[in-house]
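Asks: Okay, here's the prediction I keep looking at, along with the sequence it came from:
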Amino acid sequence: MTFKEIFVDSDLKNIKEFFISTEDMLLKFLNFLEFWIQKNTHKESVVFIIKALGRIIKNAENDDDEEKREKLMIERQDMFDRLNATRIFIALIWDEKRDDTVYLYALFKFMISLLKGGNKTV
């Protein structure tokens with residue numbers, strides 16, 4: 001074994017462990033949303049996160065090139081679907097007992113953005 005194999009490669013591996021990917025962050029947000037009731041979190045915080053997640057998909061619409069915009073939106077929709085966002089949001093809608101219109105509006109608006117453009121994989 002060389003010095004490079006022992007120290008440099010292991011240092012690069014350790015550095016990569018410090019970086020947080022986009023999917024890691026989104027997964028944490030989705031886990032938070034999935035268990036917000038058990039954690040006694042304020043509903044306003046939940047609505048804020050739902051709106052923020054919706055903006056991630058909606059920001060794909062800001063590109064001038066229509067083909068690129070559509071491709072980016074589908075990629076983001078598929079990413080959310082891979083992270084089980086669809087299943088989590090359906091469960092949140094199903095579990096809402098108080099008919100809070102602001103909360104339900106945010107949930108449905110996000111679900112509509114997941115399906116926008118007729119995405120067949122979601």
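Replies: Sure thing, it's come through. Residues are numbered from 1 along each chain as shown.

Asks: do you know how far the spatially most central residue of the chain is from residue 73?
Replies: Nearest to the geometric centre of the chain sits residue 26, at 4.0 Å (Cα atoms, centre = their mean). For residue 26, the distance to residue 73 under the criterion Cβ to Cβ, to the nearest Å works out to 15 Å. For every residue, glycine as well, the C-beta is placed using N, CA and C.

Asks: on contacts alone, who are the packing partners of whatever helix or strand residue 30 lives in?
Replies: Element membership for residue 30, per DSSP states H and E: helix 22-34. Helices and strands touching helix 22-34, by 3 or more Cβ pairs under 8 Å, 6 or more residues apart in numbering; DSSP states H and E, are helix 43-58, helix 66-82, helix 85-95.

Asks: let's go with 7 Å and repeat that
Replies: With contacts defined as 3 or more Cβ pairs under 7 Å, 6 or more residues apart in numbering; DSSP states H and E, the secondary structure elements packing on helix 22-34 are helix 43-58, helix 85-95.

Asks: Show the average pLDDT along that helix.
Replies: Averaged across helix 22-34, pLDDT comes to 93.
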